[in-house]
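Asker: after the sequence you'll find the predicted model.
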Amino acid sequence: MSAAPLQYLLHAAGPASAPAFKLGWALIGLVSAVMIIIAVLLVGALARRRPKPPAGAEEKLPPDAGGMNWIVVGTSISSIALFAALVYAMTTLESVASPPSEPPLTIAVTSYDWWWKIDYPDAEDPSRAFVTANEIHIPTGVPVRVELKSADVIHTFWAPQLAGKTEMIPGQTNVQWIEADTPGVYRGQCSQFCGAQHAHMAFEVIAQPQAEFDAWREAQRRGAPSAATPDARAGQHIFEARCAGCHSVRGTPADGMQAPDLTHLASRRLIAAGQMTNTPEHRLDWIEHAQRIKPDSLMPSMALSASDAAALSAYLSTLQ
């Protein structure tokens, strides 16, 4: 259900983005009209060449034939068009500044070099709050409040089909709202240059019918299942020895805070902030060659023996 790249610019998928898309098309039309008018006037000026004076005669400029009138008319039209564009832009910003109703769901997104931490708080029962990474799930047809923070440098949260861009600034919390009209997978991206892997800092917004979203949220609230097979248990020991300093898995001793929560890793569509599909083969490739796949990221490449790789893969596959 993921949209083709061109659709990011051609189709809005929610009420927070539709006015901005219309504004964009209006500005494209205005700029195109200006370019066409300038091109026509330029061609006309080149075609109207003054006749060369006779040899030895002094060249005299022709009398002004309304040139000043052209300048006055052109300046007036340009000023009116630019003022109208300004009014339209300000009206659009006002229309998308706040959702039409109070959002029933609030999430917090924290940006890191170069991945996204997603918090789903629960005001009524904090014990039911949970954390995931790089994948935002929302119910369709309702506005969602998104609180935006940065853990390191300035990033920008942008899901173009759902809303405009909002800066994520260290020490500051900015707020945006998103809403999806229909179920689907909507790609997002950091759009503020933030370092070596800025281009590989993506996320997905997965819009689901309310019942499916509720089922997903309930599953995410549970801790990781116990490793049931010898390979999975061996893999858990390897994970806790080599990965738990950065990653966390709820329900286990792994409680690292500097990298994505992996409690339900195997349920996600993508890994490495959108770099790879989430398959056992790609998970191992990422673990063993992280610095080749995403140079300068904080994830180190890990050397694993064949038996350790098989055991770790078996364990990660249990994190559904």
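Answerer: Noted; the coordinates are in hand. Numbering: from 1, shown residues only.
Asker: pLDDT score for the residue lying closest to P99 once chain neighbours are set aside?
Answerer: Nearest-residue entry for P99: P143, 3.6 Å, with adjacent residues in sequence omitted and distances by CB to CB, 6 or more residues apart in numbering. C-betas here are computed from N, CA, C, even on glycine. pLDDT, P143: 96.
Asker: with L46 instead?
Answerer: With respect to pLDDT, L46 has a value of 82.
Asker: got it, and L61?
Answerer: Listed pLDDT for L61 reads 58.
Asker: can you give me the strands in the stretch 51-200 of the chain?
Answerer: For the stretch 51-200 of the chain, applying DSSP state E, counting those that start in this stretch gives strands covering 105-112, 115-120, 130-133, 135-139, 144-150, 155-158, 166-168, 174-178, 184-190.
Asker: can you give the strand pairings for the shortest one, parallel or anti for each?
Answerer: Spelled out, it's strand 166-168. With DSSP bridges as the test, strand 166-168 is paired with strand 155-158 (antiparallel).
Asker: about what we covered before: I figured the residue nearest to P99 hits W177, correct?
Answerer: Yes. If you go by CB atoms under 8 Å, P143 and W177 touch, sitting 5.0 Å apart.
Asker: find residues that contact each of those two.
Answerer: 16, 99, 103 (CB atoms under 8 Å, 6 or more residues apart in numbering).
Asker: out of those, which is most surrounded?
Answerer: Within these, neighbour counts (other CB atoms under 10 Å) peak at A16, which reaches 26 neighbours.
Asker: give me the residues contacting stretch 19-32.
Answerer: Stretch 19-32 is contacted from outside by 11-12, 81, 85, 88-89, 92, 95-96, 163-164, using CB under 8 Å, 6+ apart.
Asker: give me the neighbour count for A39.
Answerer: 10.
Asker: doesn't it lie inside a strand?
Answerer: No. Read with DSSP: H, G, I helix; E, B strand; the rest coil, A39 is helix and lies in no strand.
Asker: ok, it - contacts?
Answerer: Contacts of A39 by CB under 8 Å, 6+ apart: none found.
Asker: kindly check the end-to-end length of stretch 147-160 for me.
Answerer: Using CA to CA, to the nearest Å, the end-to-end distance of stretch 147-160 comes to 17 Å.
Asker: contacts for that stretch?
Answerer: 8-9, 17, 106-113, 117, 146, 164-170, 172-176, 178, 186-192, 194-195, 201, 203, 205.
Asker: what do you get if the cut-off is 6 Å, keeping everything else the same?
Answerer: Residues outside stretch 147-160 that contact it (CB atoms under 6 Å, 6 or more residues apart in numbering): 8, 108-113, 165-170, 173-175, 186, 188-192, 194, 205.
Asker: what is the rounded mean pLDDT of stretch 239-252?
Answerer: Averaging pLDDT along stretch 239-252 gives 94.
Asker: how about stretch 157-175?
Answerer: Stretch 157-175 shows a mean pLDDT of 94 in the predicted model.
Asker: got the buried residues for that stretch?
Answerer: By 16 or more other CB atoms under 10 Å, the buried positions in stretch 157-175 come out as 157-164, 166, 168-169.
Asker: now stretch 223-240
Answerer: 224, 227, 231-232, 234-236, 238-240.
Asker: just put the buried residues of stretch 157-175 in CSV and tack on distance to C246.
Answerer: As requested, those are exported to CSV (distance: CB to CB, whole Å):
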residue, distance to C246
F157, 23
W158, 27
A159, 27
P160, 31
Q161, 32
L162, 30
A163, 31
G164, 33
T166, 27
M168, 21
I169, 24
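Asker: look up phi and psi at S248.
Answerer: Per-residue torsions, S248: phi -120, psi 150 (degrees, to the nearest 10).
Asker: so it touches D255, yeah?
Answerer: Yes. S248 lies in contact with D255 (CB atoms under 6 Å); the separation is 4.9 Å.
Asker: just for the stretch 1-150 of the chain, where's the confidence low?
Answerer: In the predicted model, the stretch 1-150 of the chain carries pLDDT under 70 at residues 1-9, 50-51, 53-68.
Asker: likewise for the stretch 151-300 of the chain?
Answerer: Applying pLDDT under 70 to the stretch 151-300 of the chain picks out no residues at all.
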